[in-house]
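Engineer: Got a sequence here, can you model it:
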Amino acid sequence: MLEKDETGNNYLWQALQEPETLVKAAWFILNGEEAFENISDYFTS
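Structural biologist: Reported below is the predicted structural model:
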C-alpha cells in the first residue's frame, strides 16, 4: 500500500483521492476502535 507506482505516487495517496474512500478512512480513524470494542463486547457477553 505504501509502495509507489510508475508515476511516483503511493497507493494510499491514490486511494485517498477518492471521496468515498476518504470518508471511510476518516470514519474508521474516528470510530473504528470503539466499533471493534463494541463488537467484541457483544460477542463475549
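Engineer: For the rest of this, base every contact and every neighbour count on C-alpha atoms.
Structural biologist: Noted.
Engineer: Now find how far off-centre the longest helix seen in the chain is within its chain.
Structural biologist: Among all segments of the chain classified by DSSP state H, the helix with the greatest residue count is helix 19-44. Here helix 19-44 is found 9 Å from its chain centre; the criterion is CA atoms, centre = their mean, to the nearest Å.
Engineer: Next, name the residue at the spatial heart of the chain.
Structural biologist: Centroid check for the chain by CA atoms, centre = their mean gives residue 25 as the closest residue, at 3.6 Å.
Engineer: per-residue pLDDT, that one?
Structural biologist: pLDDT, residue 25: 95.
Engineer: Could you do residue 13 as well?
Structural biologist: For residue 13, the pLDDT comes out at 91.
Engineer: name the helices or strands packed onto the helix or strand containing it?
Structural biologist: According to DSSP states H and E, residue 13 maps onto helix 11-16. Using 3 or more CA pairs under 8 Å, 6 or more residues apart in numbering; DSSP states H and E as the contact test, the elements touching helix 11-16 are helix 19-44.
Engineer: Would you mark the buried spots in the helix it packs on?
Structural biologist: Buried residues in helix 19-44, counted by 16 or more other CA atoms under 10 Å: none are found.
Engineer: other SSEs contacting it?
Structural biologist: On the basis of 3+ CA pairs under 8 Å, 6+ apart, helix 19-44 makes packing contacts with helix 11-16.
Engineer: mind exporting the helix it packs on as PDB, just the C-alpha atoms?
Structural biologist: This file holds the C-alpha atoms of helix 11-16, laid out as PDB (Å, rounded to 0.1, in the frame of the first residue of the first chain):
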ATOM      1  CA  TYR A  11      -1.300   3.600  -3.500                       C
ATOM      2  CA  LEU A  12      -2.600   5.000  -0.200                       C
ATOM      3  CA  TRP A  13      -2.400   8.500  -1.600                       C
ATOM      4  CA  GLN A  14      -4.200   7.400  -4.700                       C
ATOM      5  CA  ALA A  15      -7.000   5.700  -2.700                       C
ATOM      6  CA  LEU A  16      -7.500   8.800  -0.500                       C
END
